[in-house]
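Trainee: Quick one, structure for this:
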Amino acid sequence: DIIGANRKTISEKDARYCIFYSISSVQPGLSHVSLGQVLLHKAIPLLKAEFANVSHFSTLSPIPKFRAWLSERIRGNEKASVLGKADVERLRAISTDSDPLEVLARAIEPEQARLWVRGECSSEEANRGSVHTLRAALKPVLLRQLAHYFLHAKRGQKEKAFDPVANFHLGNGAVLAQLNWLADTSDRR
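Mentor: As a prediction, this is how the structure comes out:
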């Protein structure tokens with residue numbers, strides 16, 4: 001799902017970007033060991049030496065705590081500030097439910113999300129239109145929430161990023177340049 005079968009390939013000499021995908025500890029006992037940092041700091045100089053034209057390095061990383069964080073916002077004390085007027089209108093347009101927060105809450109439930117992400121939605125919202133309509137309505141709402149998550153969700157006294165993956169990358173000097181909608185629709189998370 002990550003690398004499309006119909007993708008255009010380029011020659012190695014034309015490559016300018018190197019993208020790392022989901023560097024993670026493979027053993028639960030290593031969860032607090034920063035293997036990703038070691039791998040990146042060793043791999044980047046080797047790649048630069050082998051591929052002289054590669055000048056940009058990036059990661060495509062999972063966001064493991066986002067769904068739980070958003071669910072808590074929807075159900076908790078912040079629910080009044082979750083949706084803007086345009087978000088409310090978008091969500092009402094795809095559902096007969098009068099509560100747009102409830103529509104969003106159902107859409108991010110693991111089973112529902114798995115369906116609409118794959119284009120197989122069978123939810124009540126999809127019955128009002130196609131899964132593409134559902135995705136189109138959810139995209140700006142979820143991307144706005146995700147941006148808020150990265151910019152404002154903090155943990156601990158040192159104000160670390162709430163998300164451990166984001167905290168790892170930002171702590172190693174990375175910057176958040178782009179949010180990629182439905183970048184990885186595979187089951188592996």
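Trainee: Quick check: phi and psi at residue 57.
Mentor: Here is the backbone geometry of residue 57 (degrees, to the nearest 10): phi -120, psi 140.
Trainee: Show me the strands in this structure, by range?
Mentor: 17-21, 56-60, 154-155, 160-161 (DSSP state E).
Trainee: Buried deepest among those, which one?
Mentor: Of all the strands of the chain, strand 160-161 has the most neighbours on average by mean count of other CB atoms under 10 Å, namely a mean of 18. C-beta: built from backbone N, CA, C; applies to glycine.
Trainee: Thought residue 89 was touching residue 137, still the case?
Mentor: No. The pair residue 137 / residue 89 is not scored as a contact, 9.3 Å apart, by CB atoms under 8 Å.
Trainee: Among these two, which residue is more densely surrounded?
Mentor: More neighbours surround residue 137 than the other of residue 137 and residue 89, with 25 against 12 (other CB atoms under 10 Å).
Trainee: between the strands of the chain, which gets nearest to residue 83?
Mentor: Closest to residue 83 of the strands of the chain, according to CB to CB: strand 154-155, at 21.6 Å.
Trainee: contacts for that closest one?
Mentor: With CB atoms under 8 Å, 6 or more residues apart in numbering as the test, strand 154-155 has contacts from 160, 161, 162.
Trainee: Tell me the bridge partners for the second one.
Mentor: Beta-bridge pairing of residue 161, defined through DSSP bridges, involves residue 154.
Trainee: I figured it was touching residue 172, is that so?
Mentor: No. Counting by CB under 8 Å, residue 161 does not reach residue 172; the two are 11.9 Å apart.
Trainee: tell me the contacts of residue 63?
Mentor: Going by CB under 8 Å, 6+ apart, residue 63 touches 146, 149, 163, 165, 166.
Trainee: Now tabulate those residues in CSV and tack on distance to residue 10.
Mentor: What follows is those, written out as CSV (distance: CB to CB, whole Å):
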residue, distance to residue 10
146, 30
149, 34
163, 32
165, 28
166, 30
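Trainee: Let me have those in JSON lines, adding pLDDT, neighbour count and distance to residue 63 as columns.
Mentor: Output for the contacts of residue 63, formatted as JSON lines (pLDDT from 0 to 100; neighbours: other CB atoms under 10 Å; distance: CB to CB, whole Å):
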{"residue": "146", "pLDDT": "92", "neighbour count": "18", "distance to residue 63": "7"}
{"residue": "149", "pLDDT": "91", "neighbour count": "21", "distance to residue 63": "8"}
{"residue": "163", "pLDDT": "85", "neighbour count": "22", "distance to residue 63": "6"}
{"residue": "165", "pLDDT": "81", "neighbour count": "19", "distance to residue 63": "7"}
{"residue": "166", "pLDDT": "83", "neighbour count": "21", "distance to residue 63": "7"}
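Trainee: Fine, thanks again, bye for now.
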